[in-house]
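> no FASTA, just this:
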C-alpha cells in the first residue's frame, strides 16, 4: 500500500507558508507502516490540480490531498477530485446542517459561502472527524482506478491532524491488510553525537534486525539532542507495549547516561519535574542567554511551584550591584559561582544556575565568541564548568540553555 | 519560463526534516518573475528520482533539484540527472582540486568518498558559487528536451541559497528574456488586521493595477504582524529603487501609523535602534512573558549598549521583595506601574517595561487566561495598559512580547 501526499495552495509555492502538513502526514504514515514515496505541492489551479492528482493516483494506491477545502473561490479541491472521479458535485444536506449548527452554536450568522463546503463529489464519504466547518472527504475511485482512494483534508493543521488520525490512518491500515498494532517510543538524549550513539547501539540494532521484533531509528534534533526512536509491531496493544518496554530497557542499559526523557518530554519539563520531586526551587542568573532559559521554563504551565524567577544582569555592573558578585572578570569561574549563589539569595531559591559568556559575533574582554562559564549552586555549594562552543550567536545561546539545564539535571541526580 | 522545484531526501518524506528549501526557492523565483507551478519531494531512490525529474522536465522549462549531492552512498542526484540527460558521469579534475584545497585549507585529511562529489554528468557546467565541498550543477538537456535545463544544488540551506542567488536566478532570467530588474521592499506592520489594511490600501492597489508600475502583496506573519510587500519592475536598478521609494511613501501616507520597520527589521531591532537614537537605556520586569522579551532583545548583537537587563519576578512575592512593588494584586495597574519603575531603579535604566498577567491554561487569582497588564516607565512617569487576549498560553506570551515592545515604541515616538 503506497500513499502519497498532495498539498494545495499557491501560497505554498510562493514560499509565504512552509508546508509542515505534508511532513507531519509523512511521519504518521511511516509510523503506521504505510509507504509514502512522493509529496507534491501545487497551486490553486484546477487543471494543474487535476493533473497532479491523476499522476498521483497512477503511481500510488492512495492520495491524501491537503488544503483547498475552505469556503472561498480559491478553494477548488472538491472540483478537482470530482473531475478525477468523473462525477458531479452535490450539496450534502447533512453537512449543511452541521455547518449551520456550528455557526448557530457560536451565536454568529453564517456567510452563504460556507455552504460551498457542503458540496461533495457523488460517491464520496465524509470523514468521521469534523472539528471545523470544512468536512474531510473520503473518495473511492472507479473504472481502471478501482480500489484506489483519494482523501481530502483541510489545510488548517489541527483540523487536518484530527481527520488523518481518526479517519484516514485506520482506513489505510485496513486497506493495506495491516492488522497488527504499530507503536513507537522515543528516547530523548543529550550530550553524545549520532555516530557515537549509533556505534554503541550497533550490536543491539543487528540483534533487532535478526529478531525482527522492533527497529531503532535516529532523529537528529539540533541543539535539542538526538532522538532514539524504537518502533515495534505486534498483534495487540498489550503485546506491542511489552516489546517497547523491554526494548527501552535494553537501550537504556547501553546508553542510559545520555537519556533524559521520553516522547514529549523536553529538557526543561524534565528539570522542572525533577525539582518538583526533590522539593527544590530554582532561580536563574542569565547573562549570555539573556532570558532564554527562563522563557523556556515558563512556557510550561504549572512551573510556578518550583521556578522562583530570574535575573538577566546583561550589563556588567549589575552582576555586582544586583547579585553581589565580586569585582572579577565577567566571564570567569568566580563570577558564575557568585552569580549562582547571589541569585539564590536574592530570589530566595534553593538552586541556582548562572551563565556568562561571549555570544559574539565579536570577541569581548579578550575572549572569543563561544567562550562561556556555567555555574550551579546546589545544596549550599557552588561549582562552575567552562566551555568553548565553535558556533554562531544563536547556537551558542541555545546550546548553553540546554547544557545548563542538563548540567543541573545530572548534578541533582548525583546527589 | 516555468521552473519547478524537486527536493530530494527520504528524511523529507518521513517528516524528520521540514522542507524549507523549496519554500525559499519558490519565494525567490516569484520575486524575479519566474513562474513555478509545482514542487515535489522524492526519496533517495534512483528510479523514483528519474521518474520525477522526467515528469518535471516534461511540464516545465527548468527544474531546480535540491539535495542528494553529498559524498555518501545515499547521494545519487548526480546519477539521476545523468540518466535523464542520457549521459555518463565523469570525474571533473578541477572540482577534485577545489575539494582537496578546501580540506587542505582547514588542515583536515579528506575522506576518499568526497571525490564522488567531483563526478558530474557529461555536458554539465559547474555553478559559479561553491561555498561548500558539493558543487552545484547546471545541466542542459538535449534531444526533444533541447533548450530545457536542470539545476542541482546541495540541501544545506546556506550553500543552496548562495548557488541559487549567484548561479541560477540570473541564468533563468536570461533564458526567460527578462532584462528588467525586479525588486521588492517589505513594510513591517503591527496592530491592524489583514482585512483592515487591505481595505485601506484598496484604492492604491486599484491605482497600481491600472498603472502597472508595482504590485502590493500581503504576507501574514502571525504574532509578528502583517508584511506589506511592494514589488516593482524597471529597466535599471536606479529606476526600480525610485519606484519603490515613491510607492513606499504612498503606502506610508495611508497606513503609516502601523508601519514599524522595513525588510529585515524586527520589532526588537527597531526598538533597540530607537532607544539608541534617543540615548535611553532599557530594563524589563517580565512576569507573564518570563524572559521572552529579554531573550529576543539579547539575540541582537550589540544590544548591550542600550539593554541593561531584566528581572523575571515569577513568584508573586518577588514583585515586592525585589522590585519594591506595593501589596496589590499581582495582575493590576498599580502592580505593573510599580514593577516598571522598580526595575528601572534596581537595574539603573531610563526606561522600563513590566508585564504581568495570566498565561493559562487555568484561571489565576480570579482572572481568566489572557488577562494582562503592561506597564511602561518613561521620562519619570509610569502608565499601564490593560488587555485580554483570547489565545492559548504560547500565543498569549508571544503577543504580549510584541505588544509591549510596540507600546514602548509608540510612546517614545510620541515624546
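Received, thanks. Note that the structure is predicted; figures quoted are calculated from it, not measured.

> And the one helix or strand residue A:353 maps to, what does it pack against?
For residue A:353, the enclosing helix or strand under DSSP states H and E is strand A:351-357. Applying 3 or more CB pairs under 8 Å, 6 or more residues apart in numbering or on different chains; DSSP states H and E, we find strand A:351-357 packed against strand A:282-286, helix A:333-347, strand A:371-378, helix A:393-414. (Each C-beta comes from the backbone N, C-alpha and C, glycine too.)

> Break chain A down into its structural domains.
Here the domain parsing of chain A from automatic domain parsing is A:3-175, A:181-262, A:267-414.

> if we can go back for a sec, would you reformat the helices and strands packed on strand A:351-357 as CSV and include mean pLDDT, mean neighbour count and distance to residue A:77?
Formatted as CSV, the helices and strands packed on strand A:351-357 follow (pLDDT from 0 to 100; neighbours: other CB atoms under 10 Å in any protein chain shown; distance: least, CB to CB, whole Å):
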stretch, mean pLDDT, mean neighbour count, distance to residue A:77
strand A:282-286, 98, 31, 48
helix A:333-347, 98, 24, 54
strand A:371-378, 98, 24, 51
helix A:393-414, 96, 20, 38
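
> Turn these into CSV, including distance to chain B.
Output for the helices and strands packed on strand A:351-357, formatted as CSV (distance: least, CB to the nearest CB, whole Å):
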stretch, distance to chain B
strand A:282-286, 7
helix A:333-347, 6
strand A:371-378, 14
helix A:393-414, 6
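
> can you put these in JSON lines and add distance to residue A:16?
What follows is those, written out as JSON lines (distance: least, CB to CB, whole Å):
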{"stretch": "strand A:282-286", "distance to residue A:16": "35"}
{"stretch": "helix A:333-347", "distance to residue A:16": "43"}
{"stretch": "strand A:371-378", "distance to residue A:16": "38"}
{"stretch": "helix A:393-414", "distance to residue A:16": "24"}
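
> Tell me which of the domains of chain A sits most buried.
Among those, ranked by average contacts under mean count of other CB atoms under 10 Å in any protein chain shown, first place goes to domain A:267-414 (a mean of 21).

> and the gap between residue A:365 and residue A:335?
Relative to residue A:335, residue A:365 is positioned 11 Å away (CB to CB, to the nearest Å).

> who touches both of these two?
residue A:329 (CB atoms under 8 Å, 6 or more residues apart in numbering or on different chains).

> nearest spatial neighbour of residue A:409, skipping sequence neighbours?
Spatial nearest neighbour of residue A:409, chain neighbours left out: residue A:271 (5.3 Å); criterion: CB to CB, 6 or more residues apart in numbering or on different chains.

> Got phi/psi on the one you found?
phi -70, psi -40 (degrees, to the nearest 10).

> quick one, strands of the stretch 1-150 of chain A?
Along the stretch 1-150 of chain A, the segments classed as strands by DSSP state E, counting those that start in this stretch run A:3-8, A:38-42, A:62-66, A:89-91, A:119-121, A:125-126, A:137-140, A:149-153.

> ok, residues contacting the third one?
To tie it back to what came earlier, the one meant is strand A:62-66. So strand A:62-66 is in contact with A:1-8, A:21-22, A:25, A:53, A:56-57, A:77, A:80-81, A:148-155, A:160, A:164, A:168, A:172, A:175, going by CB under 8 Å, 6+ apart.

> ok, back up a step: for the strand holding residue A:353, give the mean pLDDT please.
For strand A:351-357, mean pLDDT is 98.

> and that strand, how far from the chain's centre?
28 Å (CA atoms, centre = their mean, to the nearest Å).

> Given it, what are its sheet partners and their directions?
strand A:282-286 (parallel), strand A:371-378 (antiparallel) (DSSP bridges).

> Could you tell me the angle between that strand and helix A:333-347?
In terms of direction (axes from the mean of the first three to the mean of the last three CA atoms, to 10 degrees), strand A:351-357 departs from helix A:333-347 by 140 degrees.

> any idea of the angle strand A:351-357 forms with helix A:393-414?
Using the same axes, to 10 degrees: strand A:351-357 against helix A:393-414 is 150 degrees.

> pretty sure residue A:322 is touching residue A:346, no?
Yes: the pair residue A:322 / residue A:346 is scored as a contact, 7.1 Å apart, by CB atoms under 8 Å.
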